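[1] Here is the input, now give the coordinates:
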Amino acid sequence: MKVQTGYLYHIKDEFFEHLNDMGLMLNHEHGKARPTYFVIKDKDLLWFIPLSSKVNKYKNIINKKIKKYGKCKSIMIRKITGVDCAILIQNAFPTIEKFISHPHTRNKVPVKVGTLLEDEILNNFKTLLALKNGGNDLFFTDIDRIKEEMLKELEKEKVTS
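    Sure thing, here's the model as predicted:
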């Protein structure tokens with residue numbers, strides 16, 4: 001499967017079972033493959049940013065952050081495929097291709113967000129990474145531990161192939 005930045009994907013349960021990380025969002029809700037993830041390809045690693053349909057919940061959180069800090073880069077509300085979605089950059093995590101279940105499709109076509117939205121998500125993600133590197137970690141998951149684990153998985157794949 002060719003994985004590209006800006007497209008939406010779903011992840012296998014195996015990823016969550018492998019990590020057993022309580023900081024990660026649940027993979028399934030009401031028997032559906034959820035959440036859908038926006039993907040950023042970074043060499044061999046893939047950064048998954050979950051999307052949520054719980055827009056009102058996240059609007060309230062965004063408003064509180066804006067009141068407190070003057071802005072909010074960790075959560076965005078934008079239209080994707082014509083529907084408002086919460087883009088949860090704060091819940092991003094790294095993974096690798098073997099844990100991707102399938103691309104998210106609409107009318108059997110893989111879904112890609114528009115270029116302007118893709119750029120905005122990438123910029124906000126880079127901002128959160130820079131803040132983390134500066135000692136202000138806004139990510140809900142331990143992205144360093146997950147990244148280390150995913151790099152180990154890649155090494156195992158190289159040894160067995």
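[2] just checking, what packs against the helix or strand hosting residue 129?
    Taking DSSP states H and E as the definition, residue 129 sits inside helix 115-133. In terms of contacts (3 or more Cβ pairs under 8 Å, 6 or more residues apart in numbering; DSSP states H and E), helix 115-133 is packed against strand 37-42, strand 45-52, strand 75-80. For every residue, glycine as well, the C-beta is placed using N, CA and C.
[3] Each with direction, which strands does the last one pair with?
    In the sheet containing strand 75-80, the strands it pairs with under DSSP bridges are strand 83-88 (antiparallel).
[4] do the same with the second one
    For strand 45-52, the paired strands and their directions (DSSP bridges) are strand 37-42 (antiparallel), strand 83-88 (antiparallel), strand 93-95 (antiparallel).
[5] Can you tell me what sits against that strand?
    3, 8-9, 11, 25, 35-40, 58, 80, 85-89, 91-97, 100, 121, 125, 147, 150-151 (Cβ atoms under 8 Å, 6 or more residues apart in numbering).
[6] so can I have a markdown table of the strands paired with strand 45-52 showing mean neighbour count?
    Listed next are the strands paired with strand 45-52 as a markdown table, based on neighbours: other Cβ atoms under 10 Å:
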| stretch | mean neighbour count |
| --- | --- |
| strand 37-42 | 20 |
| strand 83-88 | 19 |
| strand 93-95 | 23 |
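[7] still on that earlier bit, let me know the average pLDDT across the helix holding residue 129.
    Across helix 115-133, pLDDT averages out at 96.
[8] again, but for stretch 53-71
    95.
[9] which parts of stretch 73-83 are buried?
    73-76, 78, 80 (16 or more other Cβ atoms under 10 Å).
[10] Specify which member of the residues you listed is nearest to residue 155.
    residue 74 (31.2 Å; Cβ to Cβ).
[11] who's in contact with the closest residue to the closest one other than its chain neighbours?
    In this structure, residue 74 finds its nearest non-sequential neighbour in residue 90, 3.9 Å apart by Cβ to Cβ, 6 or more residues apart in numbering. Shown in contact with residue 90 (Cβ under 8 Å, 6+ apart): 74-75, 128, 138-140.
[12] what pLDDT does residue 90 get?
    Reading off the model, residue 90 has pLDDT 96.
[13] my read is residue 146 is in a helix, agree?
    Yes - assessed with DSSP: H, G, I helix; E, B strand; the rest coil, residue 146 lies in a helix.
[14] Show the contacting residues for it.
    19, 21, 93-95.
[15] among the contacts of residue 90, which two are most distant?
    75 and 139 (12.2 Å).
[16] All set, thanks.
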